[in-house]
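**Student:** Structure for the following, please:
(2 chains)
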Amino acid sequence: KNEVEQSPQNLTAQEGEFITINCSYSVGISALHWLQQHPGGGIVSLFMLSSGKKKHGRLIATINIQEKHSSLHITASHPRDSAVYICAVAYGGSQGNLIFGKGTKLSVKP
Amino acid sequence: GAGVSQSPSNKVTEKGKDVELRCDPISGHTALYWYRQSLGQGLEFLIYFQGNSAPDKSGLPSDRFSAERTGGSVSTLTIQRTQQEDSAVYLCASSTRDSSYNSPLHFGNGTRLTVT
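**Tutor:** Residues are numbered from 1 along each chain as shown, chains lettered A, B, ... in the order given. The predicted structure follows:
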């Protein structure tokens, strides 16, 4: 059974700080997603990656297939980045069958 | 609108009643997914439709749950004889193909189901 572990569970930062959220999984995967869930509940897909690194604005996602680990970085954090960040992995034949981490609740203080 | 649309946004039902939740995916998206998020729990996979292939139903928690997708577009998730533990936010997502490579998921705003 594939387990997805995220750390930290909760994170409080000051505006401008560099933030890292980690995700580890236990078996080989075909893709990994980083999702953002806003306080109102809406979910937005931030990244989907199967290798290497992706960057979008102030967000960077990396994945190390050998170590079964991914990180989400936020540079120059802002209060509007406050949300729950969720890691999810797809493995096996069904790409839609995602296993989700429990999420990291980020609060960025002005 | 261009996004994934779910209806109703909220549903309160009595234990034992049947409910139907609807999802309109983004036009042209061949892959459609149902997930649920229970209070205090993470997201969990329910069912996945990809084109004309047989759906992956491996996440459905019991035979009270079923889903169909008509014409490759709209999907309905049906819960029969609802139980209190079915209370959750049911989320639908779609993508242009399966959730791999450059086909990110687009989520709807969910249906909050409360079983009393």
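**Student:** and the closest residue to B:Lys57 other than its chain neighbours, helix, strand or coil?
**Tutor:** Spatially, and ignoring its direct neighbours in sequence, B:Lys57 is nearest to B:Ile47 (5.2 Å; CB to CB, 6 or more residues apart in numbering or on different chains). Where you see a C-beta, it was placed from the backbone N, CA and C, and this is true even at glycine. Secondary structure state of B:Ile47, per DSSP: H, G, I helix; E, B strand; the rest coil, is strand.
**Student:** From B:Ala31, how far out is B:Ile47?
**Tutor:** In this view, B:Ile47 and B:Ala31 are 12 Å apart by CB to CB, to the nearest Å.
**Student:** Kindly report the same for B:Asp24.
**Tutor:** B:Asp24 sits 14 Å away from B:Ala31, going by CB to CB.
**Student:** Out of those two, name the residue with the larger neighbour count.
**Tutor:** Shown here are B:Asp24 and B:Ala31; by other CB atoms under 10 Å in any protein chain shown, B:Ala31 has more neighbours (22 against 18).
**Student:** Point out the residues in chain A that sit beside chain B.
**Tutor:** A:30-31, A:33, A:35, A:41-45, A:47-48, A:50, A:86, A:88, A:90, A:94-103 (CB under 8 Å from any CB of the partner chain).
**Student:** Could you rerun that using 6 Å?
**Tutor:** Within chain A, the residues that sit near chain B (CB under 6 Å from any CB of the partner chain) are A:30-31, A:42-43, A:45, A:48, A:90, A:94-98, A:100, A:102.
**Student:** Lowest pLDDT pick from those?
**Tutor:** Within these, pLDDT reaches its minimum at A:Ser94, with 65.
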